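S.K.: I'd like to go over a predicted model; first the sequence, then the structure.
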Amino acid sequence: MLADLPTACDVGTKRNSQGFKTTWIGYKLHLDVADGMIPISVVLTSASVHDSQVAIPLATISAQRVTNRYDLMDTAYCSPILRAHNPRSGEKIAFAAHEAQRYKECSTVERVNAHLKDDFGASRVNVRGPAKVMTHLIVLVLAADQLLRWVT
């Protein structure tokens, strides 16, 4: 599945929370994180790759590394293929109180992304090629940083 994902440098566009388009040239980092903001799996793709294209490969990699009860993703990972596997079939079902609390954890990966950009210099990567970009992003340093926070 990973071999089918493009990794060449290209242009990515998305709408921000205010509805304005944001455009960048380069790559896109897709993360799967556990509670405590600990990275489990990372996939680097071309900037134009939609999140939904990476959902199944990312979940598959994570399933080989950890045992989890479910995968929690935001709406950017929604696609017709993923919706077909959803037993609700688009029907909105109210969350129980404990489920609503758990859904709030969806923002964990956003905090990890912000941490990478703000504290590890990932907002502007000035190297070429996916291998160099992954090395520059220092995902292992982020994992070590988060694990140390749990210990101390």
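M.R.: Yep, it's here. Computed from a predicted model, the values in this text were never measured in an experiment. Residues are numbered from 1 along each chain as shown.

S.K.: Beyond whichever helix or strand Lys14 is part of, next helix or strand please.
M.R.: Taking DSSP states H and E as the definition, one finds Lys14 inside strand 10-15. Where DSSP H and E defines the elements, the next helix or strand beyond strand 10-15 is strand 21-34.

S.K.: and that next one, how far out from the chain's middle?
M.R.: Taking C-alpha atoms, centre = their mean, to the nearest Å, the mean C-alpha location of strand 21-34 is offset from the chain mean by 8 Å.

S.K.: Number the residues from 55 up from this point.
M.R.: Yes, from this point I'll number from 55; that puts the last item at strand 75-88.

S.K.: Any chance you could list what contacts it?
M.R.: Strand 75-88 is contacted by residues 61, 63-70, 93-103, 105, 108, 112-113, 115-116, 120, 122, 125, 162-163, 166-167, 170, 176, 179, 184, 187, 191 when judged by C-beta atoms under 8 Å, 6 or more residues apart in numbering. Glycine gets a C-beta too; all of them are placed from N, C-alpha and C.
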